[in-house]
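got a structure for you, letters missing:
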């Protein structure tokens with residue numbers, strides 16, 4: 001069992017946005033723990049970046065948004081102007097990441113020469 005995990009944010013593609021989110025939390029540890037527990041509840045102990053799980057996660061977000069009453073949607077839309085990127089979740093499957101063959105170490109798979 002892990003006692004801690006270190007996250008090198010400076011290696012992240014969106015480090016500034018991640019830091020903004022972390023700065024807005026009253027308790028980072030509790031917020032991250034809550035987020036992980038929500039993922040476990042809805043998806044189980046799986047890699048959330050797999051194609052199937054990322055699609056399921058997007059479906060859950062879309063269902064939550066469509067189930068939201070109209071008055072809440074209008075309030076959310078008004079507050080979105082202060083946080084325009086609040087609901088944007090970058091897809092791990094965007095086209096620029098589509099070159100999966102370019103990241104394969106052929107020497108590791110087929111033996112080194």
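Received the coordinates, thanks. All values derive from a computational prediction rather than experimental measurement.

and residue 37, how many residues sit next to it?
As a burial measure, residue 37 scores 10 neighbours (other C-beta atoms under 10 Å). Using the backbone N, CA and C atoms, a C-beta is placed for each residue, glycine as well.

give the next helix or strand downstream of whichever strand or helix holds it.
Taking DSSP states H and E as the definition, residue 37 sits inside helix 28-43. Proceeding N to C from helix 28-43, the next assigned helix or strand is helix 51-67, under DSSP H and E.

domain map for the protein?
Following automatic domain parsing, the chain resolves into domains at 8-45, 46-81.

pLDDT of the last one, averaged?
Which is domain 46-81. For domain 46-81, mean pLDDT rounds to 78.

same check on stretch 20-38?
Mean pLDDT, computed over stretch 20-38, is 93.

re the thing from before, how about the helix holding residue 37: buried residues?
For helix 28-43, the neighbour count (16 or more other C-beta atoms under 10 Å) marks 39, 43 as buried.

got the angle for that helix vs helix 51-67?
For helix 28-43 against helix 51-67, the angle by axes from the mean of the first three to the mean of the last three C-alpha atoms, to 10 degrees is 100 degrees.
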